[in-house]
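Chemist: pasting the sequence and the predicted coordinates here, then a few questions.
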Amino acid sequence: MLLALAWRNLWRRPQRTVLSLASIALVSALLICMLSFQFSVYATMLQTTLRIFDGYAQLQPPGYADDPGLERAIDDPARLARSAGAIDGVTVAAPRINAFAILANGERSYGAAVIGVDPSAERRVSTLPGLVAQGRYLRPSDVDGAVLGAILASNLQVRVGEKVTVLGSGSDGSVAADVLRVVGIYRSGVPELDRSIVEMPFARAKETFAMDGRASTIAIGGPDLESVDRALPALTALARSQGVVVRSWGDLQPALRDGIALKYATSMMFYLTLVVVVAFIILNTLLMSVLERTREFGMLLAVGMRPGQIGAMVWLELLILAVSGCAIGMLVGGGVTLWLQHVGVVIAGMEDLLAQFGLPSRLYPALTPLSALIGPGAILAAIALGGFVPFSRVARLTPAVAMRAA
Amino acid sequence: MRTACLVAILVLGPAAGAKAAPDADTLLRQVYENYRADSSQSTVTMTVHRKAWERRFELRAWTRGDDDALVRFTAPAKDAGNATLKLKNDTWVFNPRLNQVIKLPASMLSQSWMGSDFSYNDLAKSEDIIRLYTHRVVATEQAAGHTVWTVEATPRPGAPVVWGKVRLKVRDDHVIAEELYFDQDMKPVRRMQTDRVAPLGGRPYPVMMTMYPLDIPGQWTRVETTDGRFNVGAPAYLFTLSNLQNPRP
């Protein structure tokens, strides 16, 4: 009965109701579009960045993050990698030797990170192998091959097929010296990588840097970042039993994590403002209508309706408004998002910036239950909560006073 | 005559009691002069101590003036033949296995030298402490029959330096007793300590010194100079790239 009353009351002022509905729907739709876009762009950015080299997580010796030296190493990395690879959500675990050395070609020499990798595992954990622009990536049969970044190669003036000298320190303090043959040059578009990362076969790096069967880190890969994030507790348990530590993506790329957190924080302020503004507009409208209808409420009280019931009726009006507004918003917002998901969005002039993060120039939002529900949910909650104001006002009315109101 | 007396009193006056604190710049100059003279040849044992292992290197070192130095490793067999040459601001290394001379890029100078607690910078920028820092005597004490001055070296404004501050203890016989290195945040990061002073090549010399990185307990590098000769002249061919690669006997 109250529902019917509330519904009828709403449509006594159709213009006002339609306007209220439109503002709720517009803001819900906007929130859905923006959140879907933001979630998906950040997820793409993260995955792309992590996939290039770091991996979705890493196993490291304790203290390695603060002081990454060769003397900090993982014993029996092959066995640990097998155990890690068997964890649900992890598809590959790639042991690496991370050394720092001088690379030289004739008169030219530059410092670089020399990474000993298992070519077949590396292909599944990192996208670097696919970014080789000249020559080819390492093969399991390679003995003395090396793949280096385009900037480093041009600094050293070395081409595919030529030799490059490596000089550094082994884990036992001895001199590590080697001559490698450049089999490929990659171009990741990330200057730090293209300038400073050289990959060589794990077996050769083990000899050169006197690693004695040990590895510096184990990079973890999975079908996507979420799966590996879900596998973190299992990885942590495994790591603890083996005396190593797990570093999540946020630990590996703290600047990226903080950047995204900051972006979310600032966008959330904006979203919150939108929600609060729309909630106030709706409440304001309803409060006006309540004031207008004081005489009517007095009448209802006089014919025997309890104040609580009238309050509930007003609250119901508000809820009907909010629910139907949000529903329309979800339809419109979801529809637009799905359409954009199909055709993509190009932000003009942003291509260079996006390329720095390894992103394509055409971005695609992704409609997920979270991105579809979070905005409308917040609006609904804000309006429902705000409805207490007219409710408490109506509940305090007495018939005699209310009837005499203008 | 009277003026001369007055000057003498003014200059020598404060010397009553302990020795007067000398001019800090002069003091450090004298320390370097004592340490490497116009030229020097020395034989050194370097012990690199780590938690898991310890290595002993033997090496021969030659210096010429303030700028040039050549270090050649003679043992252990695995590392023998490796050599480092420093001329003015450039540093080259020679590796016998590669049979190649490699010029060190500036970005590598802060890396460890032969796996020790010294960096290439210690070799390449050893004179920085005199040239790029201002010096001040901050304390005087007596130890083991010597007056020991504490000299604080702070970088000249805008100077391209490695350290935020260096605090040196210098004995009155111009032997360095201790060096404490501070980073740019003025946190002490490593300490070099003289363990033994003995006559060497006709001068008091810090024959055993140990470098401790303060952030890694249980790790150190010790250099013991077993033989040293000073001001005997150094043939010019020593400090050349060709000699670095193909040493004359």
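Modeler: Everything's here; your move.
Chemist: the residue of the stretch 101-250 of chain A found nearest chain B: which element?
Modeler: Proximity of the stretch 101-250 of chain A to chain B (CB to the nearest CB) peaks at A:Gly173, 3.2 Å away. All C-beta spots, glycine's among them, are computed from the backbone N, C-alpha and C. For A:Gly173, there is no host helix or strand (DSSP states H and E).
Chemist: quick one: residues in contact with the helix or strand encompassing B:Ala69.
Modeler: Using DSSP H and E, B:Ala69 sits within strand B:68-75. If you take CB atoms under 8 Å, 6 or more residues apart in numbering or on different chains as the criterion, strand B:68-75 is touched by B:56-63, B:79-88, B:114, B:123, B:126, B:238-239, B:243-244, B:247.
Chemist: restricted to buried residues, select those in PyMOL.
Modeler: In PyMOL, this line selects whichever of the contacts of strand B:68-75 come out buried by 16 or more other CB atoms under 10 Å in any protein chain shown:
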select buried, chain B and resi 57+58+59+60+61+62+63+79+81+82+83+84+85+86+87+114+123+126+238+239+243+244
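Chemist: for A:Pro119, phi and psi?
Modeler: Torsion angles at A:Pro119 (phi, psi; degrees, to the nearest 10) stand at phi -50, psi -40.
Chemist: would you map the strands across the chain?
Modeler: If you meant another chain, say so; for now it's chain A. Assigned by DSSP state E, chain A shows strands spanning A:57-60, A:92-105, A:108-117, A:132-135, A:145-149, A:163-169, A:175-186, A:197-201, A:217-221, A:245-248, A:345-346, A:362-363.
Chemist: sorry, should have said chain B
Modeler: Here chain B has its strands, by DSSP E, at B:39-49, B:54-64, B:68-75, B:83-87, B:90-95, B:100-103, B:133-143, B:146-155, B:165-171, B:176-182, B:188-200, B:203-213, B:220-230.
Chemist: TSV for these, including mean pLDDT and distance to A:Asp224?
Modeler: Output for those, formatted as TSV (pLDDT from 0 to 100; distance: least, CB to CB, whole Å):
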stretch	mean pLDDT	distance to A:Asp224
strand B:39-49	93	45
strand B:54-64	92	46
strand B:68-75	91	51
strand B:83-87	91	49
strand B:90-95	90	45
strand B:100-103	89	43
strand B:133-143	90	54
strand B:146-155	92	50
strand B:165-171	92	50
strand B:176-182	93	47
strand B:188-200	93	42
strand B:203-213	93	42
strand B:220-230	93	47
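Chemist: ok, back up a step: redo the strands of chain A as a markdown table? Include mean neighbour count, mean pLDDT and distance to chain B.
Modeler: Below are these laid out as a markdown table (neighbours: other CB atoms under 10 Å in any protein chain shown; pLDDT from 0 to 100; distance: least, CB to the nearest CB, whole Å):
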| stretch | mean neighbour count | mean pLDDT | distance to chain B |
| --- | --- | --- | --- |
| strand A:57-60 | 27 | 93 | 18 |
| strand A:92-105 | 24 | 93 | 4 |
| strand A:108-117 | 22 | 93 | 4 |
| strand A:132-135 | 16 | 93 | 23 |
| strand A:145-149 | 26 | 95 | 15 |
| strand A:163-169 | 22 | 92 | 4 |
| strand A:175-186 | 22 | 93 | 5 |
| strand A:197-201 | 25 | 96 | 14 |
| strand A:217-221 | 27 | 94 | 19 |
| strand A:245-248 | 20 | 93 | 19 |
| strand A:345-346 | 13 | 82 | 39 |
| strand A:362-363 | 15 | 80 | 36 |
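Chemist: between those strands, which gets nearest to B:Asp25?
Modeler: Nearest of those to B:Asp25, taken as CB to CB: strand A:108-117 at 34.8 Å.
Chemist: list the neighbouring strands of the closest one plus their orientation.
Modeler: The strands beside strand A:108-117 in its sheet (DSSP bridges) come out as strand A:92-105 (antiparallel), strand A:197-201 (parallel).
Chemist: distance of the residue lying closest to B:Trp163 once chain neighbours are set aside from chain A?
Modeler: Sequence neighbours aside, B:Tyr181 is the residue nearest to B:Trp163 in space, at 5.1 Å (criterion: CB to CB, 6 or more residues apart in numbering or on different chains). Applying CB to the nearest CB, to the nearest Å, the value for B:Tyr181 to chain A is 18 Å.
Chemist: B:Tyr181 - how many residues pack around it?
Modeler: By the criterion of other CB atoms under 10 Å in any protein chain shown, B:Tyr181 has 23 neighbours.
Chemist: residues in contact with it?
Modeler: Going by CB under 8 Å, 6+ apart, B:Tyr181 touches B:163, B:166, B:188-192.
Chemist: so for the chain, the centremost residue is which one?
Modeler: By default, I'm working from chain A. A:Ala43 (3.6 Å; CA atoms, centre = their mean).
Chemist: in terms of pLDDT, where does the residue nearest to that residue when sequence neighbours are not counted sit?
Modeler: Nearest residue to A:Ala43 in three dimensions, chain neighbours excluded: A:Leu225, at 7.1 Å (CB to CB, 6+ apart). For A:Leu225, the pLDDT comes out at 89.
Chemist: for A:Leu225, give me its contacts.
Modeler: Shown in contact with A:Leu225 (CB under 8 Å, 6+ apart): A:43, A:46-47, A:50, A:56, A:249.
Chemist: quick one: buried residues of the longest helix seen in chain B?
Modeler: The longest helix of chain B (DSSP state H) is helix B:24-36. The neighbour-count check on helix B:24-36 (16+ other CB under 10 Å) flags B:24, B:27-28, B:31-32, B:34-36 as buried.
Chemist: check stretch A:328-339 too.
Modeler: Neighbour-count burial for stretch A:328-339 flags A:328-330, A:332-334, A:336-337 (criterion: 16+ other CB under 10 Å).
Chemist: coming back round to it: what's near enough to touch the residue lying closest to the residue of the stretch 101-250 of chain A closest to chain B once chain neighbours are set aside?
Modeler: Closest residue in space to A:Gly173, ignoring its immediate chain neighbours: B:Gly115 at 3.2 Å, by CB to CB, 6+ apart. Contacts for B:Gly115 were tallied using CB under 8 Å, 6+ apart; they are A:169-170, A:172-175, B:48, B:55.
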